[in-house]
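A.B. asks: pasting a predicted model and its sequence here:
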Amino acid sequence: MTDSPIKVLCVAATGQSGSTILTRTLGELPGFFAAGEVGRVWDKGLVEDNTCSCGQPFSVCEFWTKVGEHAFGGWHHVDGAAVGRLRDTLSLKHLPLQHPFALPLLQWPSMSKTYRARLERYMQHMQPVYVAIHELSGGQVIVDSMKIPAHVYMMALQMRDLDVRVAHHVRDSRGYAYSQIKFVERQGDPSHGDYRVRRPPWKSALKWNWVNQSFDHLTARGVRSVRVRYEDLVHDPAPELRRVAELLGRTVTSSDLSFLGDGEAELGSGHIPSGSRGRLRSGRTTLREDLEWVEALPSEDRRTVTTITRPLLRRYGYRLDGPLHEAR
């Protein structure tokens, strides 16, 4: 155990929001270590042996091998599938509306003795992983891109030995809804299907609302947070990265941002074992907003999504009649 709380930055977002870009660029700043979706190390790492962003399978990645040794005396002492199932019970994955129903329990776990016991068991597995990452990274801020509300709530409200801040990453609801109707090959376990889950735009709009409102509620609960719009990040990343770093008490200099160029970033490989395919790209990387939805999302669906998400779009400063920034 370390003498002072371990600093963790949780990237909170819907899926397909461009949060991998935020995670990767933060990982280039001095004092930050991009660890990816730490809560998926059990299934994506131990069970499926995902490829780490360093190019090696999780099982032979030097960094994550050391994490397992430091945390548990080796990953072979942990039943990854069992811990993954335990994690899923905390988000009530067996229910149709799993995550919304889980959030009250994560705020007040004593409402259910069974839930509280499961939460304690799961945190007993998570805590040594964060300690190991902290020590092996040289005490850097851990950037955890797990995203989902249940994980972020657990981190921010229940893991008392950690100093958790939240970067609430938002993407235009119309862009998010369009990303949910595209066919995208699924990574990992083929038994889950060839393609990522697709949703009709109205359902994506509802999910966009409740996910983002849940993170707004965390801010109301006193969790220190900063909101980052995906569109601003790719349009002009430097000020957004500075704002996030300030949340952790870090000052970012111009030289710290030398990896940024005009519409691009020079990204190292790092050690991110789970997340979108964007984690596997390194070197010179283009930063450009995905505006395919402007032309490709059918007008009826666009009106539906805009209507359902209008209050939050306005609160977050989005335009109702088009994209936030013009294409470069």
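C.D. replies: Great, that's in hand.

A.B. asks: hey, let's count contacts and neighbours off CA atoms from now on
C.D. replies: Noted.

A.B. asks: wait, what's in contact with Y153?
C.D. replies: When contacts are counted by Cα atoms under 8 Å, 6 or more residues apart in numbering, Y153 touches 103, 106-107, 218.

A.B. asks: swap the cut-off to 10 Å and go again
C.D. replies: 10, 12, 102-107, 159, 166, 214-215, 218, 223 (Cα atoms under 10 Å, 6 or more residues apart in numbering).

A.B. asks: try A156
C.D. replies: A156 touches 8-10, 106-107, 162-166, 218, 221-224, counting by Cα under 10 Å, 6+ apart.

A.B. asks: if we use 7 Å, what do you get?
C.D. replies: Applying Cα atoms under 7 Å, 6 or more residues apart in numbering, one finds that A156 lies in contact with 164, 223.

A.B. asks: what's the answer for L157, then?
C.D. replies: Applying Cα under 7 Å, 6+ apart, the residues near L157 are Q107.

A.B. asks: quick one: it and K113, what's the gap?
C.D. replies: 17 Å (Cα to Cα, to the nearest Å).

A.B. asks: and what of I133?
C.D. replies: 31 Å.

A.B. asks: now swap in V41 and tell me
C.D. replies: 26 Å.

A.B. asks: how about K66?
C.D. replies: K66 is 35 Å from K113, by Cα to Cα.

A.B. asks: kindly report the same for E28.
C.D. replies: Relative to K113, and taking Cα to Cα, E28 is found at 42 Å.

A.B. asks: same check, this time on S255
C.D. replies: Distance from S255 to K113, by Cα to Cα: 51 Å.

A.B. asks: what's the answer for A238, then?
C.D. replies: Taken as Cα to Cα, the span from A238 to K113 is 46 Å.

A.B. asks: and P128, by the same measure?
C.D. replies: 24 Å.

A.B. asks: still on that earlier bit, so between V41 and K113, which is more surrounded?
C.D. replies: Between V41 and K113, counted using other Cα atoms under 10 Å, the more crowded position is V41 (24 against 10).

A.B. asks: now V226: closest residue in space that isn't a chain neighbour?
C.D. replies: Nearest residue to V226, sequence neighbours excluded (Cα to Cα, 6 or more residues apart in numbering): A167, at 5.1 Å.

A.B. asks: isn't the one you found up against S225?
C.D. replies: Yes: using Cα atoms under 7 Å, A167 makes contact with S225 at a distance of 5.7 Å.
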